[in-house]
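below are the sequence and a predicted model; questions follow.
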Amino acid sequence: MSLTERIADFAAAMADGLQVEDLCVGVGYTCVRLSDDSGGLSYTFRHDLGASCGVLQKAGSLTGMQAAEAIGWAGSRNLAAAAVGMATINAVLNRRFSAGPNIAEALDCQAEEVVGMVGYFCPLVWKFQKAKHLYIFERGRKAGSAGHAEILPEEEEAALLPQCDIVVMTGTSFVNQTADAILSCCSRAREVIVVGASTPMCPEILRDAGVTVLAGTRVTDAAAAMRIAAQGGGGMDFSRASMKLLERI
C-alpha cells in the first residue's frame, strides 16, 4: 500500500458523516468544500489530464457524495480524480493544525551541505544559496542551471538524492504517486520537508516514512478558496482564504 493510500485510509476514518458540498477542478488548483464548511486544496496537473474534453466522470452530480468516497480517489491514476481526493484529505486533516512560522524562517542550511529539491519551489530557492550543491529535479526538464542551482531531470533523483543532507519535496508527490520513490532515496537526509498547498498534514504516517517537517495549508474561508480556484488562481492568490502551517514531526 502506498503512502497516499495509507493517508487516505487514515483521513477516511476521520470523515464519518461529512459530505462534499462543492468542488472545483481549477486549472491551477483543485478545491473541495465539505459539509462542515472545511476546505482543502490540491495542485491540478493540468498538463497531464489527457486529450479528452472531460476529466471527471459524472461531472455536475458530484456534490453530496460522501467525503470518504472522494478521499478514496486519491490513489487514482486519473490525476483530476487524485487531486479531488487529496484536496478532500487536506480538508479533513489540515483543519487540526494552527498557523505556524514561515517555512523559510524555520530552515537552516550549512555551507557544506547538499540540498535536493524535487520540484522547483521558488520561495525556498534563495534559502539554500550557501549550500555546497543545490539540485532541483524537474519532470521533463533538460539539465541546466538557474543561478546557484543545478536543474536536473527527475531521472537523476535516484542517483543524487541519497547524497543530499536536506530534501525538499512538494505535496504534489502524493497526488501523482511519486512520494514513495522519492522518500526511499532520502537515506542520508537530516531534514525531509514536504511543502505546498497539496501537503497532507499527517504526521501519524509520514513521521515513520522519514519526513521531518510538514509545511502545508489550512483553508480558512472555503467559499473564497472555491472562487479563487474556479477563477484560475494559485499560489499567493489563496493567502486571503488560508493560513500556512508548519509542523516539525
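It's in.

from residue 173, how far out is the closest residue in space to residue 160 that isn't next to it in sequence?
The shortest distance from residue 160 to any non-neighbouring residue, by C-beta to C-beta, 6 or more residues apart in numbering, is to residue 135 (5.4 Å). (Each C-beta comes from the backbone N, C-alpha and C, glycine too.) Separation of residue 135 from residue 173 (C-beta to C-beta, to the nearest Å): 16 Å.

residues in a beta bridge with the residue nearest to residue 160, which ones?
Counting by DSSP bridges, residue 135 is bridged to residue 116, residue 150.

SS state for residue 228?
Following DSSP: H, G, I helix; E, B strand; the rest coil, the label given to residue 228 is helix.

please read the previous query as pertaining to residue 14.
coil.

so that it lines up with my notes, have the first residue be 9 from now on.
In the new numbering, first residue 9, that becomes residue 22.

can you give me the distance of the closest residue to it other than its chain neighbours to residue 203?
Distance criterion C-beta to C-beta, 6+ apart; nearest residue to residue 22, sequence neighbours excluded, is residue 100 at 5.4 Å. Distance of residue 100 to residue 203, computed by C-beta to C-beta: 20 Å.

looking at the two, which one has more neighbours?
Taking neighbours as other C-beta atoms under 10 Å, residue 100 and residue 203 compare with residue 100 leading, 27 against 24.

check what pLDDT that one gets.
Note on residue 100: pLDDT of 98.

mind listing the helices for this structure?
11-20, 75-79, 87-101, 111-114, 130-133, 165-168, 187-192, 211-214, 230-238 (DSSP state H).

including distance to residue 199, could those go into TSV?
Formatted as TSV, the helices of the chain follow (distance: least, C-beta to C-beta, whole Å):
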stretch	distance to residue 199
helix 11-20	18
helix 75-79	29
helix 87-101	22
helix 111-114	10
helix 130-133	12
helix 165-168	16
helix 187-192	13
helix 211-214	13
helix 230-238	29
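
please identify the deepest-packed of the ones you listed.
For the helices of the chain, average neighbour numbers computed from mean count of other C-beta atoms under 10 Å are highest in helix 87-101, which has a mean of 29.

taking helix 230-238 as reference, get the angle to it.
Relative orientation of helix 87-101 versus helix 230-238 (axes from the mean of the first three to the mean of the last three C-alpha atoms, to 10 degrees): 160 degrees.

elements contacting helix 87-101?
Identification of packing neighbours for helix 87-101 by 3 or more C-beta pairs under 8 Å, 6 or more residues apart in numbering; DSSP states H and E yields helix 11-20, strand 28-33, strand 37-42, strand 47-51, helix 75-79, strand 225-227.

give the pairing partners of the shortest one; include direction for each.
On the basis of DSSP bridges, the sheet neighbours of strand 225-227 come out as strand 250-252 (antiparallel).

likewise for the third one?
Strand 37-42 sits in its sheet next to strand 28-33 (antiparallel), strand 47-51 (antiparallel), going by DSSP bridges.

which residues are contacting the first one?
Under the criterion C-beta atoms under 8 Å, 6 or more residues apart in numbering, residues 38-43, 45, 52, 63-64, 70-75, 78, 88, 91-92, 95-96, 234, 237-238 lie in contact with strand 28-33.

okay, domains of the chain per the record?
With domains defined by automatic domain parsing, the chain comprises 11-105+226-249, 111-223.

in JSON lines, list those along with distance to residue 257.
Formatted as JSON lines, the domains of the chain follow (distance: least, C-beta to C-beta, whole Å):
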{"stretch": "domain 11-105+226-249", "distance to residue 257": "11"}
{"stretch": "domain 111-223", "distance to residue 257": "4"}
